[in-house]
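Undergrad: Below is the structure, and that's it, no one-letter string:
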C-alpha cells in the first residue's frame, strides 16, 4: 500500500518591503512521504520569497516534469519555475528550457556546497537560472517551526529575511551562488 502525503496548513503573512508586497496567504502544503520537514519548510520559504497571486505549489517530488513551485501566465506559459534541494543537472537544464526564469534553493550545508562545486561549470551556462543556497542553521530553524497548523510571518527588508511563529524568530541567511539576468531576488 502506498503511503499518502501528510497535509499541513499554513497562514503565511508576508511583509516584503523590498518588493512592496504585503499579503496573507492561506496555504495547504502536501508533504510527500519521502520529504523531510526541513525540505517542506524550505518550499514554504521559497513561496514567501517569490510570492504573488499566480504562484502555486507543483507536484515537486511526485513528478519530474513539475517543480516545487511555479508561476504561469494566463496563456499557460511558465514564467517562474522554483525547485528546492539538489536536483540532477539534466532536470535543471530541462526546466530552463521550459520556463522564462528558474530559481533553485539549495540547502544541506556541506552537501549543498559539494553539489554546487560538482555542477557549477555546467549550470553557469544557463542564463535564466538563479541558484540560492540557504544556510544550514536557517533550514534547521525553519524545520523546527513545522506544525500541522502554522501561523507564520515572513519579513523581508533591505535583503534581510526573518521567519517567525508563536515560539520565536529565525533569521534566514541566503547566499546567491549564481544569478540570472532576469532574477527578481
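TA: Done, it's in. All figures in this text were calculated on a predicted structure; none of them were measured in a lab.
Undergrad: From now on I want contacts and neighbour counts done on CA atoms only, so please keep to that.
TA: OK.
Undergrad: which secondary structure element contains the spatially most central residue of the chain?
TA: Closest to where the C-alpha atoms of the chain average out (C-alpha atoms, centre = their mean) is residue 46, at 2.8 Å. Using DSSP states H and E, residue 46 sits within helix 37-50.
Undergrad: Now the terminal residues of stretch 146-160, how far apart.
TA: Terminal residues of stretch 146-160 lie 21 Å apart, using C-alpha to C-alpha, to the nearest Å.
Undergrad: Next: stretch 50-69.
TA: Terminal residues of stretch 50-69 are spaced 10 Å apart (C-alpha to C-alpha).
Undergrad: Pull out the buried residues from it.
TA: Buried positions in stretch 50-69, judged by neighbour count with 16 or more other C-alpha atoms under 10 Å: 50-51, 55, 57-58, 60-61, 66-69.
Undergrad: I figured residue 174 hits residue 133, correct?
TA: Yes. Residue 174 is within contact range of residue 133, at 5.6 Å (criterion: C-alpha atoms under 8 Å).
Undergrad: Compare neighbour counts for those two and give me the winner.
TA: Taking residue 174 and residue 133 together and counting by other C-alpha atoms under 10 Å, residue 133 has the greater number of neighbours (22 against 18).
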